[in-house]
Every structure is written in C-alpha cells, then in structure tokens.
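Chemist: let me see the structure of the following:
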Amino acid sequence: MGLDQYAYIKFQPEYENWLMLAEWRKHPNLQGWMERLWRRKINSSEPYEKDTLMGDEFNGVELELTLEDINNLEQDIRLERLDGGLGTTTGFFFGNKSDDEYRWHDLSFCDRAKVALKNNQAVYYNSSW
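Modeler: Reported below is the predicted structural model:
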C-alpha cells in the first residue's frame, strides 16, 4: 500500500480513451499541492491539513488541471516550494519528502501537460492510497 499518483489526458469527446502523462509513487508534497489546488477550486470551507488521515476526502478525486495550474505548479517546483511553506505533507501511506528525487520528472510532466493543453486536450491528476 502507498500513495500512487497519476496524471493523464482524456481524449474528447468520448473521454473513455486516455493517455498516461506521468506516474508517481509516494510524492507527498505533490499530493499536498494538488489537494490545496482542489480545495480552492471547489471553494472548500474545510482547512487544508498537511497531516492527511485515512478518511481524507482527496483520495481518488479526479482533478482537472488548467494551463494556469500547470504554470503555477512548474513555478513552485522550480522555486522548491511544493510544500506551500507548510512543511512536508504527511500521511500514513505517503512516505518521505521526495521533491528532489522527482524534480526533473515533475518538470517533464509540466512540459507534456502544457503541450496537451495547448492542443485542447483535457489533463487530469488523480491519486489513491
């Protein structure tokens, strides 16, 4: 068991066909970054907690990413602030901070996602643990 994370394209119009853009295994700060983004998008009144519990509602949520989201993610990766200044995101199955190990993989994902979005393809992030 552990934190498994995915980013993929869903092809329009049927959305049943998809293409994997990136996969991660136990990248907790990316998970925290995506959860904070999701909470902003749904106007959640629940505060973000860096210590994720088993019942957390951001488990298995399909989050659509925009070009602005990807640009912001890329900037935070380059500035080494995926944690949002809140410290490492933690969870029972999340593992240790892995920002340095995934840095180039994350930037490569951002490049692929920007190409997809500029070609009017829908990009999504999802995770499970």
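Chemist: could you use CA atoms for every contact and neighbour count after this?
Modeler: OK.
Chemist: just the strands from the chain, written as ranges.
Modeler: Counting by DSSP state E, one finds strands in the chain at the ranges 4-10, 18-25, 51-52, 63-65, 90-91, 122-128.
Chemist: make CSV out of those strands and add distance to residue 33.
Modeler: Formatted as CSV, the strands of the chain follow (distance: least, CA to CA, whole Å):
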stretch, distance to residue 33
strand 4-10, 12
strand 18-25, 14
strand 51-52, 12
strand 63-65, 12
strand 90-91, 12
strand 122-128, 11
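Chemist: for stretch 84-92, buried residues please.
Modeler: Within stretch 84-92, the residues scored as buried using 16 or more other CA atoms under 10 Å are 88, 89, 90, 91.
Chemist: if you average pLDDT over each of the strands of the chain, which is lowest?
Modeler: Among the strands of the chain, strand 51-52 carries the lowest mean pLDDT, at a mean of 62.
Chemist: excluding chain neighbours, give the residue nearest to residue 93 in space.
Modeler: Leaving aside its sequence neighbours, residue 93 sits nearest to residue 2 (CA to CA, 6 or more residues apart in numbering; 4.4 Å).
Chemist: ok, that neighbour - contacts?
Modeler: For residue 2, the contacting residues are 25, 26, 93, 94, 95, 128, 129, by CA atoms under 8 Å, 6 or more residues apart in numbering.
Chemist: what about the residue lying closest to the fifth one once chain neighbours are set aside, how many residues close to it?
Modeler: Using CA to CA, 6+ apart and skipping residues adjacent in sequence, the residue nearest residue 95 is residue 26, 5.5 Å away. In terms of burial, residue 26 registers 19 neighbours under the definition other CA atoms under 10 Å.
Chemist: if I look at residue 26, how far off is residue 122?
Modeler: 24 Å (CA to CA, to the nearest Å).
Chemist: nice, that's everything, thank you.
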